[in-house]
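A.B. asks: Sequence and computational prediction follow.
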Amino acid sequence: MKKSFKKAKVGDEVEVIVNGKSENGRLLESYDVGVVLLKLENGYNVGFKREDVSEIKVVRERKVDSKKDEGVKVSGRKPVIEMIVTGGTISSKLDSSTGGVEGLIDNNELLKMYPEIFEIADFRIKSPFMKVSENMTPVDWIKIAKLVGKALNDPGVKGVIVSHGTDTLHYTASALSFMLGKLNKPVVLTYSQRSSDRGSSDARMNLICSVRAALSDVSEVMLVGHATINDDYCFMLQGNKCRKLHSSRRDTFRPVNCKPYGKIWPDGKMEMIRNDYRKRNKNEVEVDAVFDPKVGLFKAHPASNPSILDYYKKNCKGLVIEGTGFGHVITEGKSNWLPKLKEAMGKGLLIYMASQTIFGRVDSYVYSPGRKIADSGVVFLGDMLSETALVKLGWVLGHKDWRGSVSTKLKMLENVSGEFNDRLDEGFLEM
């Protein structure tokens, strides 16, 4: 028999009696009539079978704010930051009526969620789209790059923040590092792993630290987010030399083969670790937002069949292989890749090698298989991250003048935006 629980409304704080036990939280809209959905105080959603629920008591009715929104008053005295909202957890707020999230796409909504940042700066918000980052494509990178470039060349803007989902954030950061070139102001990409309605959310501190970074002298494309699992400080990470290394930890992004630019605290304290960053200047930024999507990324493994190269040869202009160790694929026996590598490159496929170890660099001179692979024509990319290599290859091939086995190779080996590290410090794993 269907139970109605007519008194309780969506958004009310309630006590639910389930199989004789009590659970407290906020009643959410459920799209399954057989389930009572509740948001617990710890921020998690939980569903109960309606047949197991004997009673729903209203503890506190949902407050409906009837006051007219006065809006955000721009001071005219604080520095202006352009915030480009693209989606992700940090760009969202909880809708208590559905249990879902909505985008924060204007100053009023941003003020309600993060009032502290308006004590530091005034904001100008733009949102070209709202997407979870796994749905991002190179077309989106180009849109973001053009918006950021326009803001950088606006003398009224002090810095730029891009809010973004975490899954492909390092791809977007790499794309911006190539498409924007030599910057004149900071470009900060930030994120959160946990939604703002949860007590353990990293959104607030990440955003506050990002505002501080956007007003700094570090004119680079950088990621700003939790440096540890605690709410103490954030890292300022080089955009094309960092990676998401944990699916859920708040300190998921780590520097790879380099140190962070520095540490930054919510109160504005800054401790620089590196001094090789570009300083704030008055030069014009030249946006070079092009990309050829006919590129691929393949991870070498013990069961890999070299015939996969037939697919890439047919559908791609360039391929990055994540080789094992120093940059290896199988070079003996029935699965020997060398003949297929030579054949594919002979047909015009440009092939580059990065390491799947993430840390360290590829080197064709350490072992004989590496020398054989290099002799076949594969170009080794030092300590460049494979994701960065993929993005750079698509960007390079987006320029007609840079296409060709020699021209593309020269550009891929050029240190365009700090994607290569000449020397890996022994302490690179220490933060």
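C.D. replies: Here it is on my side, so go on. Numbers count the residues shown, from 1 in each chain.

A.B. asks: which residues in the stretch 201-350 of the chain form helices?
C.D. replies: When assigned using DSSP state H, counting those that start in this stretch, the helices of the stretch 201-350 of the chain occupy the ranges 203-214, 308-315, 338-346.

A.B. asks: by contact count, what packs against the shortest one?
C.D. replies: With contacts defined as 3 or more CB pairs under 8 Å, 6 or more residues apart in numbering; DSSP states H and E, helix 308-315 has these neighbours: strand 295-299, helix 338-346. Every C-beta, even on glycine, is put in place using the N, C-alpha and C of the backbone.

A.B. asks: what mean pLDDT does the longest one have?
C.D. replies: Per-residue pLDDT values across helix 338-346 average out to 97.

A.B. asks: now swap in the shortest one and tell me
C.D. replies: Confidence for strand 295-299, expressed as mean pLDDT, is 98.

A.B. asks: got the angle between that strand and helix 308-315?
C.D. replies: Per axes from the mean of the first three to the mean of the last three CA atoms, to 10 degrees, the angle that strand 295-299 makes with helix 308-315 is 170 degrees.

A.B. asks: Which elements pack onto strand 295-299?
C.D. replies: helix 308-315, strand 318-323, helix 386-397.

A.B. asks: Mean pLDDT, distance to Glu23 and mean neighbour count for these - can I get that in a markdown table?
C.D. replies: Formatted as a markdown table, the helices and strands packed on strand 295-299 follow (pLDDT from 0 to 100; distance: least, CB to CB, whole Å; neighbours: other CB atoms under 10 Å):
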| stretch | mean pLDDT | distance to Glu23 | mean neighbour count |
| --- | --- | --- | --- |
| helix 308-315 | 98 | 51 | 16 |
| strand 318-323 | 98 | 46 | 26 |
| helix 386-397 | 98 | 43 | 25 |
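
A.B. asks: With respect to Lys241, which of the ones you listed lies nearest?
C.D. replies: helix 386-397 (7.2 Å; CB to CB).

A.B. asks: packing partners for the closest one?
C.D. replies: Looks like helix 386-397 contacts helix 169-179, strand 295-299, strand 318-323, strand 350-355, helix 405-412 (3+ CB pairs under 8 Å, 6+ apart).

A.B. asks: If you count contacts, what does the last one end up packed against?
C.D. replies: If contacts are counted by 3+ CB pairs under 8 Å, 6+ apart, helix 405-412 sits against strand 350-355, helix 386-397.

A.B. asks: for that helix, what is the average pLDDT?
C.D. replies: Helix 405-412 comes out at a mean pLDDT of 96.

A.B. asks: Can you list the buried residues in it?
C.D. replies: Thr408, Lys409, Lys411, Met412 (16 or more other CB atoms under 10 Å).

A.B. asks: what does the longest one give?
C.D. replies: Residues Leu169, His170, Tyr171, Thr172, Ala173, Ser174, Ala175, Leu176, Ser177, Phe178, Met179 are the ones in helix 169-179 that count as buried (16+ other CB under 10 Å).

A.B. asks: Turn the residues you listed into TSV, including distance to Arg280 and pLDDT.
C.D. replies: Shown next, in TSV, are these (distance: CB to CB, whole Å; pLDDT from 0 to 100):
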residue	distance to Arg280	pLDDT
Leu169	24	97
His170	24	97
Tyr171	26	98
Thr172	22	98
Ala173	19	98
Ser174	22	98
Ala175	22	98
Leu176	17	98
Ser177	17	98
Phe178	21	98
Met179	20	98
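
A.B. asks: Of those residues, which is the nearest to Asp231?
C.D. replies: The closest of those to Asp231 turns out to be Leu169 (CB to CB; 20.4 Å).

A.B. asks: residue contacts, Asp288?
C.D. replies: Residues near Asp288 by CB atoms under 8 Å, 6 or more residues apart in numbering: Phe178, Met179, Leu180, Gly181, Trp395.

A.B. asks: Leu338: which of those is nearest?
C.D. replies: For the contacts of Asp288, the minimum distance to Leu338 (CB to CB) is 28.9 Å, reached by Trp395.

A.B. asks: before we move on, back to that, out of the helices and strands packed on helix 308-315, nearest to Glu387?
C.D. replies: strand 295-299 (7.5 Å).

A.B. asks: angle of the closest one against helix 386-397?
C.D. replies: 160 degrees.

A.B. asks: let's have the chain start at 814 instead
C.D. replies: Renumbered: residue one is now 814, and that last one reads strand 1108-1112.

A.B. asks: right, so of the helices and strands packed on helix 1199-1210, which gets closest to Tyr927?
C.D. replies: helix 982-992 (19.3 Å).

A.B. asks: Run the chain-centre distance for that closest one.
C.D. replies: Put simply, helix 982-992 sits 9 Å off its chain's centre (CA atoms, centre = their mean, to the nearest Å).

A.B. asks: now what about the following helix or strand past that helix, what contacts it?
C.D. replies: Going down the chain from helix 982-992, the next helix or strand is strand 1000-1003, by DSSP states H and E. Identification of contacts with strand 1000-1003 by CB under 8 Å, 6+ apart yields 903, 961, 965, 972-977, 982, 985-986, 989, 993, 1019-1020, 1022-1023, 1026-1027, 1033-1038, 1052.

A.B. asks: Can you tell me the strand partners of strand 1000-1003 and which way each runs?
C.D. replies: Within its sheet, and counting by DSSP bridges, strand 1000-1003 is paired with strand 972-976 (parallel), strand 1034-1039 (parallel).
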